[in-house]
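[1] below are the sequence and a predicted model for it; my questions follow.
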Amino acid sequence: MKAVVKYAYEDGAVELRDVPEPIMEPDQVLLEVKAVGVCGSDVHMWRENQSWEIKMPLVLGHEFSAVVADVGAHVEGVRTGDRVTCETAAEVCGRCTYCLTGNYNLCPHRKGYGALMDGAMTRYVVARPQILHHVPDSVPFEHAALTEPVCVAMNALVEKTVLKPGDLTVIQGPGPIGIMALQVAKLQGAGPIIMLGADIDERRLEVAAELGADYTLNIQREDPLELVRRLGDGFGADLVVDCTGVSRALEQGMAMVRPNGRITKIGWGPQPLNASLDPIVGKAVTLQGSFSHTYATWERVVHLIADGKLDMTPVIGGVYGLDEWETAFSRMEEGANVKSVIKL
């Protein structure tokens, strides 16, 4: 079967290759992939600037929807033909304190699709039934494939962060996670919401405005700190959400956040900070990291997408075939698409 494969630790070392079909174990399910979202991390691995461990060679892709093609003999509750979306935690130990307390996203032995396990930019994937979520017929596969980035934002802003109605909220970075964070923040009643981007983000800032950002601002042309200080009581943002993956964004966030405010950092990157963390101390700021997601978050997000409370249509800038993967990646890299989707 054809697959988008990263084959070396080099810039551009990704190509369409023939790979063997996976072998399903009795306690697994075989999935026929229908749609895959292109994540910024896929583009990072294409360009060899990822900051996480990966196996090599590697089939890329971890945001996907599928139809169940076969069910192992020991599996219950899943049937051939079921429409599903799948979590990223392909393998966890099931024995550590994090697994046993439901926080398996933090399992030290976790292996994620498209990182330490072959991913979904191909025809078939095997999965544990515990990480599958049924998708209603009303939800297109292209939309269901974007459940994962919404879950990242939901975990960060609902599970990990105190966010109150009326909170002045700044979101740094209008990429896929930033756009999803915007929608989640609006559901919680945050506002006003400011979305920050750069020159490359012109189209993405337009999508942010379409989805309800009260202000959009290009930080290469305007000073966001001036805008933040003009709003509310002038002390700064109640919440800053860093979705950039650029380390220096934290320095900007520390300047914009109000005393006793919160910074939630979702994006990550390999660059050093090269700045003092003293403003966090001086302002008594809460700095919160957030990683991945768990089962309950996925169930909630699937229902929100099905109910139309989360809008995926403006997020999808283009749908591409597997053999068009490079165009799909390039449109993400250029900032032309908030999200590219590969349809199989």
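    Cool, got the structure. Residues are numbered from 1 along each chain as shown.

[2] ranges for the strands of the stretch 201-344 of the chain?
    215-218, 237-242, 257-265, 286-289, 316-320, 339-343 (DSSP state E, counting those that start in this stretch).

[3] indicate which one of those is closest to His134.
    For these, proximity to His134 was assessed by CB to CB; strand 339-343 is nearest, at 20.1 Å. Placement of C-beta: from N, CA and C, glycine included.

[4] just checking, what packs against that closest one?
    strand 29-37, helix 141-144, strand 316-320, helix 325-333 (3 or more CB pairs under 8 Å, 6 or more residues apart in numbering; DSSP states H and E).

[5] show me which positions of the first one end up buried.
    By neighbour count with 16 or more other CB atoms under 10 Å, strand 29-37 contains the buried residues 29-31, 33-37.

[6] how close does the one residue sitting closest to the centre of the chain get to Leu250?
    In the chain, the residue lying closest to the centroid (CA atoms, centre = their mean) is Pro149, at 2.9 Å. Distance, Pro149 to Leu250, using CB to CB, to the nearest Å: 21 Å.

[7] what do you get for Glu10?
    Distance from Glu10 to Leu250, by CB to CB: 29 Å.

[8] any idea how the protein splits into domains?
    Following automatic domain parsing, the chain resolves into domains at 2-150+293-343, 161-289.

[9] can I get these in CSV including mean pLDDT?
    Formatted as CSV, those follow (pLDDT from 0 to 100):
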stretch, mean pLDDT
domain 2-150+293-343, 97
domain 161-289, 96
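
[10] the strands of the stretch 201-344 of the chain: which one's closest to Cys107?
    strand 286-289 (16.4 Å).

[11] strand partners (parallel or antiparallel) of that closest one?
    If you go by DSSP bridges, strand 286-289 pairs up with strand 257-265 (parallel).

[12] mind listing what's buried along the strand it pairs with?
    Those buried within strand 257-265 under the rule 16+ other CB under 10 Å are 257-258, 261-265.

[13] again with stretch 334-344
    335, 337-344.

[14] re the thing from before, farthest pair within the buried residues of strand 257-265?
    Arg258 and Lys265, at 17.0 Å, using CB to CB across the buried residues of strand 257-265.

[15] count of residues packed around Gly94?
    Residues near Gly94, counting by other CB atoms under 10 Å, number 12.

[16] you'd agree Ile131 is up against Val92?
    No. Judged on CB atoms under 8 Å, Ile131 makes no contact with Val92 at a distance of 9.1 Å.

[17] okay if I get the buried residues of strand 29-37 as JSON lines plus distance to Asp307?
    Listed next are those as JSON lines, based on distance: CB to CB, whole Å:
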{"residue": "Val29", "distance to Asp307": "26"}
{"residue": "Leu30", "distance to Asp307": "30"}
{"residue": "Leu31", "distance to Asp307": "25"}
{"residue": "Val33", "distance to Asp307": "25"}
{"residue": "Lys34", "distance to Asp307": "21"}
{"residue": "Ala35", "distance to Asp307": "20"}
{"residue": "Val36", "distance to Asp307": "24"}
{"residue": "Gly37", "distance to Asp307": "20"}
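
[18] what is the nearest of the residues you listed to His109?
    Of the buried residues of strand 29-37, the one sitting nearest to His109 (CB to CB) turns out to be Val29, at 20.9 Å.

[19] how many neighbours does Tyr295 have?
    So Tyr295, with other CB under 10 Å, has 17 neighbours.

[20] could you shift the numbering so residue one becomes 779, and keep it that way?
    Sure thing, new numbering starts at 779, so read that last one as Tyr1073.

[21] distance check, Val913 against Glu1029.
    41 Å.

[22] who's more crowded, those two?
    The neighbour comparison of Val913 against Glu1029 (other CB under 10 Å) goes to Val913, with 24 against 14.

[23] which residues does the more buried one contact?
    Contact analysis of Val913 by CB atoms under 8 Å, 6 or more residues apart in numbering lists 843, 861-863, 919, 922, 1080, 1084.

[24] now those: which count as buried?
    Of the contacts of Val913, these count as buried by 16+ other CB under 10 Å: 843, 861-863, 919, 922, 1080, 1084.

[25] of the residues you listed, which belong to helices?
    Among these, the subset assigned to helices under DSSP state H consists of 919, 922, 1080, 1084.

[26] out of those, which is nearest to Gly880?
    Val1080 (18.0 Å).
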